[in-house]
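>>> generate coordinates for the sequence data below:
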Amino acid sequence: MDVAQFKTDVLPLKNKLYRFAFNIVKDEELAKDVVQECMIKVWEKRDEVKHINNLEAWCMQVTRNKALDKLRSKHVKKTDLFEVEFDTRKEKDTPVVLAERNEIMNRIQFLIDALPNRQREVMQLRDIEGYSYKEIADMLEIDINLVKTNLFRARRKLKESLIKENAYGL
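From the prediction side, this is the model:
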């Protein structure tokens, strides 16, 4: 792999790698460090890259491993950050609507963070990043049926928690 190929094949992945790393470490600077270390590793292994079938999956796997290493090596404080833009509205929302939406998104992020690690990772990769089941199985080095099972369980638990919260007090 030369510099030009690195720029065209690897650098465009940095935003996906960052989002994935951030979902694991919950810290912007730490996630940036993880992505930078991943890029360095890819560059160092540039001679071996031609033997890798799916470069993107391999980069995601490296990112996951480096992020988990960071969490193990440091006691990172996790924060509740869940920023989603809903810009499909035709008119501006009132402060009350914005506050309610923000509260709901924070609650959803709290419930996602409460999921077991594997379920949270699979949900992030499938529902947020949009990877296929096969790609997720390759990235996490697990069977495709385990990917489907973890995703099903994560979605079901999230749905049940939201229904339980919303039905409380009725």
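>>> and the residue nearest the centre of the chain?
Nearest to the geometric centre of the chain sits Phe20, at 3.4 Å (Cα atoms, centre = their mean).
>>> next, the contact list for that one, please.
Residues in contact with Phe20 (Cβ atoms under 8 Å, 6 or more residues apart in numbering) are 60, 63-64, 67, 124-125, 129. Every C-beta, even on glycine, is put in place using the N, C-alpha and C of the backbone.
>>> wait, which of those residues is closest to Val3?
Thr63 (21.1 Å; Cβ to Cβ).
>>> and the helix or strand that that closest one is a member of, which residues are buried?
Element membership of Thr63, judged by DSSP states H and E, is helix 55-73. By neighbour count on 16 or more other Cβ atoms under 10 Å, the buried set for helix 55-73 is 55-64, 66-68, 70-71.
>>> quick check: next helix or strand after it?
helix 95-113.
>>> other SSEs contacting that next one?
Applying 3 or more Cβ pairs under 8 Å, 6 or more residues apart in numbering; DSSP states H and E, one finds that helix 95-113 makes contact with helix 117-123, helix 144-167.
>>> which one of those is the most hemmed in?
Of all those, helix 117-123 has the most neighbours on average by mean count of other Cβ atoms under 10 Å, namely a mean of 20.
>>> hmm, who's touching that helix?
Contacts for helix 117-123 (Cβ under 8 Å, 6+ apart): 23-24, 64, 112-113, 115, 136, 140, 142, 147, 150-151, 153-155, 157-158.
>>> domains for this protein, by residue range?
Residue ranges for each domain of the chain read 3-73, 95-167, as given by automatic domain parsing.
>>> can you redo those domains as CSV with mean pLDDT?
Listed next are the domains of the chain as CSV, based on pLDDT from 0 to 100:
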stretch, mean pLDDT
domain 3-73, 87
domain 95-167, 87
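>>> if we can go back for a sec, and of the buried residues of helix 55-73, the nearest to Val35?
Closest approach to Val35 among the buried residues of helix 55-73 (Cβ to Cβ): Thr63, at 6.7 Å.
>>> shouldn't that closest one be in contact with Lys14?
No: judged on Cβ atoms under 8 Å, Thr63 makes no contact with Lys14 at a distance of 9.9 Å.
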